[in-house]
Structure formats: structure tokens, C-alpha cells
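K.L.:
Need coordinates for the below:
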Amino acid sequence: MPQVASAIEALPAAAVAALRKLGGDLATARKRRKQSLRAWAVRLDVSVPTLMKMEKGDAAVSIGVYATALWIIGRHEVLGAVADPKEDVAALENEISAAAQRHRRSGGAHHA
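P.N.:
Modelled structure (predicted):
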């Protein structure tokens, strides 16, 4: 799996920070529920060391483990909304720019 390892090493700093925050927030959620590492590891079907890596925001931990942890705390629905096309401002800006270029090429004719 050299490609996976290089992809993890090439993570942008902002992505690393986001994963660390997510892992830390999941650790806080576990602790607030007064659940041991072992109990959550069993629920996640992972080893305690893997859970500890997840709580540190380790990018090598499967997204499925993060998704299950979100499910445990009742926040799994946010994962499906993370890349919602309605929130993709860069794509919207590209579409607007392309529409404006088409409009200019057509001479700005107004069709009703």
C-alpha cells in the first residue's frame, strides 16, 4: 500500500488539523459518556491501539471507524453532508463563470 502511505504523508496541514480535532472531539464524547477505551474499541470492532490512534486523528485509521464512532454518538448524519454539492462554493463559482463566458460569447442576447 505505498500509495496510501504517500497520500497520508501528503495530507495538507489543514486536513491534518481537522482530523486531529475530530479525533479529539470523539475522545471527549467517549469520556463524557464515561466509556472506557476498551468498551468503545469493542463497539467499534477495533483494537484499543487503533481507537487511540483514531482519537489522535490518525489519517491511517479507516474512515469507517470514524463513521462508526460518529454513529455511536448520534452524529453520523453529518458525515453524509460534509461534501454536499449545495455547499461547494468553488464549483458554483466555476459554473457562474462558465455561464458568464457563454453569455459573452453569444453577444449577451437576451432570450425570453
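K.L.:
How are the helices of the protein distributed by residue range?
P.N.:
2-9, 13-32, 37-44, 48-55, 63-72, 77-81, 89-105 (DSSP state H).
K.L.:
May I see those arranged in CSV, with mean neighbour count as well?
P.N.:
Placement of C-beta: from N, CA and C, glycine included. Supplementary listing: the helices of the chain in CSV, determined by neighbours: other C-beta atoms under 10 Å:
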stretch, mean neighbour count
helix 2-9, 9
helix 13-32, 14
helix 37-44, 16
helix 48-55, 18
helix 63-72, 16
helix 77-81, 10
helix 89-105, 10
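K.L.:
quick one: which of the ones you listed has the weakest pLDDT on average?
P.N.:
When those are compared by mean pLDDT, helix 2-9 comes last with a mean of 77.
K.L.:
Identify all contacting residues around that helix.
P.N.:
Outside helix 2-9, the residues that touch it by C-beta atoms under 8 Å, 6 or more residues apart in numbering are 59, 60.
K.L.:
Only C-alpha atoms, please: export that helix in CSV.
P.N.:
This file holds the C-alpha atoms of helix 2-9, laid out as CSV (Å, rounded to 0.1, in the frame of the first residue of the first chain):
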residue,chain,number,x,y,z
PRO,A,2,2.7,2.6,-0.8
GLN,A,3,0.1,4.9,-2.5
VAL,A,4,-2.0,5.1,0.7
ALA,A,5,1.1,5.8,2.8
SER,A,6,2.3,8.6,0.4
ALA,A,7,-1.3,10.0,0.3
ILE,A,8,-1.3,10.2,4.1
GLU,A,9,2.2,11.8,4.2
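K.L.:
Compute the inter-axis angle for it and helix 13-32.
P.N.:
80 degrees (axes from the mean of the first three to the mean of the last three C-alpha atoms, to 10 degrees).
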